[in-house]
Structures are given as C-alpha cells and as structure tokens.
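A.B. asks: give me the fold of what follows.
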Amino acid sequence: MGVWKSKNRHKYLLQYHIIFVCKYRKKLLALKEMYAIFLKKW
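C.D. replies: Below is the predicted model of the structure:
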C-alpha cells in the first residue's frame, strides 16, 4: 500500500511539472518574441 501511494504521488508530481513547464515555456517564448521585436526596432 505504501509503495503504491508513493508511485501515485510521483505520477501527480510529474503531471504538475509538465503543466508548469508548458505554461512557463509559453511565457518564455512570448518574452523572446517581444525581445526580438524590440531589437528590430533599434
């Protein structure tokens, strides 16, 4: 029972990590694009 719980917890942590990375990556890409546009203007 204890082993199953820890495996389940790991699965949830992985899921949250993937969601977090996806959201963070979108923000990073948006920042990169804005920075590129900013550089082009100069």
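
A.B. asks: what about this structure, any weak spots by pLDDT?
C.D. replies: Applying pLDDT under 70 to the chain flags residues 1-6, 42.

A.B. asks: which stretches in it count as helices?
C.D. replies: For the chain, the helices defined by DSSP state H cover 2-41.

A.B. asks: and the residue nearest the centre of it?
C.D. replies: Ranked by distance to the mean C-alpha position of the chain (Cα atoms, centre = their mean), the top residue is V21 at 0.9 Å.

A.B. asks: distance of it relative to K41?
C.D. replies: Note on V21: its distance to K41, by Cβ to Cβ, to the nearest Å, is 30 Å. Quick note: C-beta positions are derived from backbone N, CA and C, even for glycine.

A.B. asks: check Y35 too.
C.D. replies: 11 Å.

A.B. asks: neighbour count: these two, which is higher?
C.D. replies: Neighbours were counted for Y35 and for K41 using other Cβ atoms under 10 Å; Y35 has more, 10 against 5.

A.B. asks: tell me how far that one lies from R9.
C.D. replies: Taking Cβ to Cβ as the measure, Y35 falls 38 Å from R9.

A.B. asks: and for A30?
C.D. replies: Counting by Cβ to Cβ, the separation of A30 from R9 is 32 Å.

A.B. asks: same check on K26?
C.D. replies: 27 Å.

A.B. asks: now Q15
C.D. replies: According to Cβ to Cβ, Q15 and R9 sit 11 Å apart.
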